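A.B. asks: Pasted the sequence and its predicted model underneath.
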Amino acid sequence: MALHTAIGRARSDGKLAGVVETVPTMRSLMVTYDPLATSRAELQPKVAALVAQGPAAGLKSRKLTVPCCYDDPEFAPDLAEVAERTKKTPEQVIAAHLASPFKVYVLGFMPGLAYVAGLEPSLFLPRRTQPRVRVPRSSVAIAMDMTTIYPFESPGGWHLIGRTPLWMFDQRREQPVFLAPGDSLSFQRVDRKTYDRIVRDVEAGSFDWATLVKSK
């Protein structure tokens, strides 16, 4: 992420002509460039120099709080099974999820789906042996050492333990994708009444997304 940021700043300063974009992944950064404007031989030493500089001071990231309703069985069909397999009560599973220090590592699979690591180790489980054909949009799920939020209804093999009233992808927003690599993320438990109220605001386009974000 530091290199991703450094390359972005260098591009803005006109120092990396030909770079098209950078794509952060779990363990690497893909740098794409226009071969008519530059070459790998020309570009690679410049990128290597940025690596050698190390992370810049004062890198900004966001600390986000995402509301989540765990109480409705429709929202959390796997909660009881997760509790049984991890030898916890459902309330203990919820508490462990709420206390996990999550960080967004990468986006993938579909627009807006974030791979968020940092799940409390006692909740580690493999993916479901039988994936679902349809997972509802905004479902909150866990698998391995991660959690995620499904941005659309889609197939999925993670364990569903709650649902957020937020949309992770909304083309009406200036930035349609809500989460970004480097974000710190925590969940806030809400009841069904609060969930329904926020859903109405999100659907109407009147929800204040800035209330969820704190720069750090």
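C.D. replies: Cool, the structure landed.
A.B. asks: Now do the contacts for Ala99.
C.D. replies: Counting by Cβ atoms under 8 Å, 6 or more residues apart in numbering, Ala99 touches Glu120. Placement of C-beta: from N, CA and C, glycine included.
A.B. asks: can you pull the pLDDT of it?
C.D. replies: What the model reports for Ala99 is a pLDDT of 98.
A.B. asks: where do the helices sit along the chain?
C.D. replies: 2-12, 40-53, 79-85, 90-99, 192-204 (DSSP state H).
A.B. asks: and the fourth one, which residues are buried?
C.D. replies: Spelled out, it's helix 90-99. Pro90, Val93, Ile94, Ala96, His97 (16 or more other Cβ atoms under 10 Å).
A.B. asks: pretty sure the second one is touching Ile161, no?
C.D. replies: Yes. The pair formed by Val93 and Ile161 meets the contact definition of Cβ atoms under 8 Å, at 6.6 Å.
A.B. asks: any shared contact partners between the two?
C.D. replies: In contact with both Val93 and Ile161: Leu79, Val82, using Cβ under 8 Å, 6+ apart.
A.B. asks: returning to what we had before: just name the closest of the buried residues of helix 90-99 to Glu21, please.
C.D. replies: Checking the buried residues of helix 90-99 against Glu21 by Cβ to Cβ gives His97 as the nearest, at 33.5 Å.
A.B. asks: what's the spacing between the closest one and Leu50?
C.D. replies: 37 Å (Cβ to Cβ, to the nearest Å).
A.B. asks: Ok, Tyr105 next?
C.D. replies: Tyr105 is 21 Å from Leu50, by Cβ to Cβ.
A.B. asks: need the contact list for the residue minimising distance to the centre of the chain.
C.D. replies: Nearest to the mean C-alpha position of the chain, counting by Cα atoms, centre = their mean, stands Ala114 at 3.0 Å. By Cβ under 8 Å, 6+ apart, Ala114 lies in contact with Val104, Tyr105, Val106, Leu107, Thr148, Ile149, Met168, Leu179, Pro181, Asp183.
A.B. asks: In contact with Gly118: list those residues for me.
C.D. replies: Ser100, Pro101, Phe102, Lys103, Asp145, Met146, Thr147.
A.B. asks: what bridges to the closest residue to it other than its chain neighbours?
C.D. replies: Distances taken as Cβ to Cβ, 6 or more residues apart in numbering place Phe102 nearest to Gly118, at 4.3 Å, with adjacent residues excluded. Bridge pairing for Phe102 (DSSP bridges) gives the partners Leu185.
A.B. asks: Which pLDDT does the model give Phe102?
C.D. replies: 97.
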